[in-house]
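> no sequence for this one, just the structure:
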């Protein structure tokens, strides 16, 4: 993947291409559970992608790309750095 690939480029892809890119080229960072929903964080180039997954229905609900902010902060709280 081109190192100049940006979040704007990612958002221009169709949903299938986004999922394919995240799961084939993204690096898993962390996850947390909230009820029946698992939120998984992946790093991809210079951004992050959160995948929202309903565990009981075995279905992806949402995918959102971002670079920083509150969406990223909630993953560091659950990470044990020891």
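The structure has been received and is ready for your questions. In this text, all values refer to a predicted model and were calculated from it rather than measured experimentally. Residues are numbered from 1 along each chain as shown.

> who's residue 50 bridged to?
Note on residue 50: beta-bridge partners by DSSP bridges are residue 41, residue 64.

> what about it, how many residues nearby?
20 (other C-beta atoms under 10 Å). For glycine as for every other residue, the C-beta is placed from the backbone atoms N, C-alpha and C.

> got it, and residue 54?
Applying other C-beta under 10 Å, I find that residue 54 has 14 neighbouring residues.

> so how far is the first residue of stretch 10-21 from its last?
Terminal residues of stretch 10-21 lie 9 Å apart, using C-alpha to C-alpha, to the nearest Å.

> mind listing what's buried in it?
Of all the residues in stretch 10-21, those buried under the rule 16 or more other C-beta atoms under 10 Å are 10, 18-19, 21.

> could you dump those residues into a markdown table and include distance to residue 40 and pLDDT?
Converted to a markdown table, the buried residues of stretch 10-21 look like this (distance: C-beta to C-beta, whole Å; pLDDT from 0 to 100):
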| residue | distance to residue 40 | pLDDT |
| --- | --- | --- |
| 10 | 16 | 93 |
| 18 | 14 | 96 |
| 19 | 12 | 96 |
| 21 | 15 | 96 |
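
> which one of the residues you listed is nearest residue 70?
Set against residue 70, the nearest of these by C-beta to C-beta is residue 10 (19.4 Å).

> now the closest one. Nearest residue, chain neighbours left out?
Closest residue to residue 10 apart from its sequence neighbours, by C-beta to C-beta, 6 or more residues apart in numbering: residue 65 at 5.1 Å.
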